[in-house]
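Chemist: coords please:
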Amino acid sequence: MHIPCVPDDLWAAIEPLLKRVQPNFQRGRPRLPDRATLTGILFVLKTGIAWHDLPLTLGFGSGMTCWRRLREWQRAGIWAALHQLLLDRLHVHGQLDWSRASLDSASVAAPCGGEETGRDPTNRGKLGCKRHSIVDGQGMPLAVVLSAANVHDSQMVEPVLDAVPGVRSGRRGRPKRRPLKLHADKGYDYRRCRDACRRRGIALRIARRMIESSSHFGRHRWVIERTLSWLNRFKQLKVRYERCADVHLALVVLTCALICLRRLPPALPA
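Modeler: All right, here's what the predicted structure looks like:
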């Protein structure tokens, strides 16, 4: 079985962020190294194995140790900071396309229930969760917001737009947060969606219900469908078993950071 490890470029990006977290040293066993627990988190994320089934022989610690460290770093804002750092680097290298963006959601089953879950009307009323994502013109994930599966997509436009972090280019000026255009399907053809984009200076491109066909918008919106497919390649995200919304969101944001990391050009050797 292939055991994923923490790539050197990922560790170089996240190690300075982890120094902000001051561990609470108490009596007992020594704290497991951060890189080992991060490797365990990546192992669970990519393979979909249950936390309590993580083998101790791999040297990552117990599954609960990795789970607690994942949640600890989520509460400290490490995953969001890592994602923003990689977005900054993509922007510096000219790898972000702000001329257009795409917005969509994907429902995932949540058989264990928990926070931000609800009856999914598209899955016979079973419990589910929605991941609302916005990507740039190249499909790089800019932000992800969770909601219950029975929340209408149009109600989440403002939270998703406001979740996009300020991306810095390394030059003077305000950070970039708004694309010029936003593409979405007919599920967002509501006045509140258009008003939300208008207030933020974003041109909204939506096929109107009962009037236009959304097929010709596919030449721009296919990038978000590809990104949603990339997320589901990480088996832990195909079904949500986490009852805590912040833990599931941590895994999703970490996955977005990994997608951004793959797009970065390789570092030059010293």
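Chemist: what's Q74 in contact with, if anything?
Modeler: 246-247, 249-250 (Cβ atoms under 8 Å, 6 or more residues apart in numbering). Backbone N, C-alpha and C define where each C-beta goes, glycine included.
Chemist: what about burial for those, which qualify?
Modeler: By neighbour count, with 16 or more other Cβ atoms under 10 Å, the contacts of Q74 hold 247, 249-250 as buried.
Chemist: quick one on the thing from earlier: could you save the contacts of Q74 as a markdown table and add columns showing pLDDT, secondary structure and distance to V92?
Modeler: Formatted as a markdown table, the contacts of Q74 follow (pLDDT from 0 to 100; DSSP: H, G, I helix; E, B strand; the rest coil; distance: Cβ to Cβ, whole Å):
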| residue | pLDDT | secondary structure | distance to V92 |
| --- | --- | --- | --- |
| D246 | 96 | helix | 30 |
| V247 | 96 | helix | 31 |
| L249 | 97 | helix | 26 |
| A250 | 97 | helix | 26 |
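Chemist: which two in those are spaced the farthest apart?
Modeler: Spanning the widest gap among these are V247 and L249, at 7.3 Å by Cβ to Cβ.
Chemist: quick one: pLDDT of H2?
Modeler: We have a pLDDT of 54 for H2.
Chemist: Now do the contacts for C260.
Modeler: 83, 86-87, 90, 140-141.
Chemist: Restricted to strands, list those residues.
Modeler: P141 (DSSP state E).
Chemist: Neighbour-wise, which one of the contacts of C260 leads?
Modeler: Counting neighbours by other Cβ atoms under 10 Å, L87 leads the contacts of C260 with 27 neighbours.
Chemist: any weak-confidence spans in the stretch 101-250 of the chain?
Modeler: For the stretch 101-250 of the chain, the stretches with pLDDT under 70 are 209-218.
Chemist: quick one: the helices in it?
Modeler: 157-163, 191-199, 218-232, 245-263 (DSSP state H, counting those that start in this stretch).
Chemist: Specify the residue ranges that define each domain of this protein.
Modeler: 8-21+29-75, 98-166+176-263 (automatic domain parsing).
Chemist: Nearest spatial neighbour of L161, chain-adjacent residues omitted?
Modeler: R200 (6.1 Å; Cβ to Cβ, 6 or more residues apart in numbering).
Chemist: correct me, but the one you found touches P179?
Modeler: No. Distance between R200 and P179: 9.7 Å, which falls outside the contact criterion (Cβ atoms under 8 Å).
Chemist: neighbour count winner among those two?
Modeler: Taking other Cβ under 10 Å, R200 and P179 do not tie; P179 has more neighbours (27 against 17).
Chemist: ok, now which ones touch that one?
Modeler: Taking Cβ under 8 Å, 6+ apart, one finds 98-101, 136-137, 202 in contact with P179.
Chemist: Can you tell me how far G40 is from R178?
Modeler: G40 sits 37 Å away from R178, going by Cβ to Cβ, to the nearest Å.
Chemist: ok, the two, which is more surrounded?
Modeler: Higher neighbour count among G40 and R178: G40, with 27 against 13, using other Cβ under 10 Å.
Chemist: out of everything not next to it in sequence, what's closest to the more buried one?
Modeler: The shortest distance from G40 to any residue other than its chain neighbours is 3.0 Å, reached at F60 (Cβ to Cβ, 6+ apart).
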